[in-house]
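Colleague: structure for this input, please:
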Amino acid sequence: QVPLAESGGGVVQAGGSLRLTCATSGPTFTTHAMAWFRQTPGNERRFVAAIAWGGGSTYYEDSVKGRFTISRDDAKNMVYLQMNNLQPEDTAVYYCAARDNGRVLTAQAGAYDYWGQGTQVTVSS
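Modeller: Residues are numbered from 1 along each chain as shown. As a prediction, the model looks like this:
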């Protein structure tokens, strides 16, 4: 098991910024690929960004490219999602996810093995 705990969500005005944090633990964290997904009521969980083992590769959903940045600090067992220029359509519950295969990045939610409980992000217009 890889326990994941998100934090950093909140309410922000359009154009503002938030940084989400995913705290994890376990001896194998550094070999996992990590990702962020988001979900709105009545919709499927959608991919936002992913980062590979070692942080050398990242992958973003098109609508967040240039606005969101995913990063990881393996020394602290943390994964971050810096979100800038937030828009009302970014409003969602954001989930952190981990994948045992740390080298291959994917946007498929079913490929991830562990999930956090989520943190709400609300962007007002």
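Colleague: what's the spacing between the spatially most central residue of the chain and Asn85?
Modeller: By Cα atoms, centre = their mean, the mean C-alpha position of the chain lies nearest to Trp36, the distance being 2.1 Å. Trp36 sits 17 Å away from Asn85, going by Cβ to Cβ, to the nearest Å. From N, CA and C alone the C-beta is placed, and that goes for glycine too.
Colleague: ignoring the adjacent residues along the chain, who's closest to Ser7?
Modeller: Nearest residue to Ser7 in three dimensions, chain neighbours excluded: Thr21, at 5.1 Å (Cβ to Cβ, 6 or more residues apart in numbering).
Colleague: how about the contacts made by that neighbour?
Modeller: The neighbours of Thr21, taking Cβ atoms under 8 Å, 6 or more residues apart in numbering as the test, are 6-8, 78-80.
Colleague: go again with 10 Å.
Modeller: Counting by Cβ atoms under 10 Å, 6 or more residues apart in numbering, Thr21 touches 5-9, 73, 76, 78-81, 96, 119.
Colleague: could you do Ser125 as well?
Modeller: For Ser125, the contact set (Cβ under 10 Å, 6+ apart) comprises 13-15, 87-89, 91.
Colleague: kindly recompute the last result at 6 Å.
Modeller: By Cβ atoms under 6 Å, 6 or more residues apart in numbering, the contact list for Ser125 reads 14, 88.
Colleague: ok so, going back, now the contacts of Thr21 as a markdown table including distance to Ala52 and pLDDT?
Modeller: Shown next, in a markdown table, are the contacts of Thr21 (distance: Cβ to Cβ, whole Å; pLDDT from 0 to 100):
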| residue | distance to Ala52 | pLDDT |
| --- | --- | --- |
| Ala5 | 21 | 94 |
| Glu6 | 20 | 96 |
| Ser7 | 23 | 97 |
| Gly8 | 22 | 98 |
| Gly9 | 25 | 97 |
| Asp73 | 15 | 92 |
| Lys76 | 18 | 91 |
| Met78 | 16 | 94 |
| Val79 | 12 | 95 |
| Tyr80 | 15 | 97 |
| Leu81 | 15 | 98 |
| Cys96 | 15 | 97 |
| Thr119 | 23 | 98 |
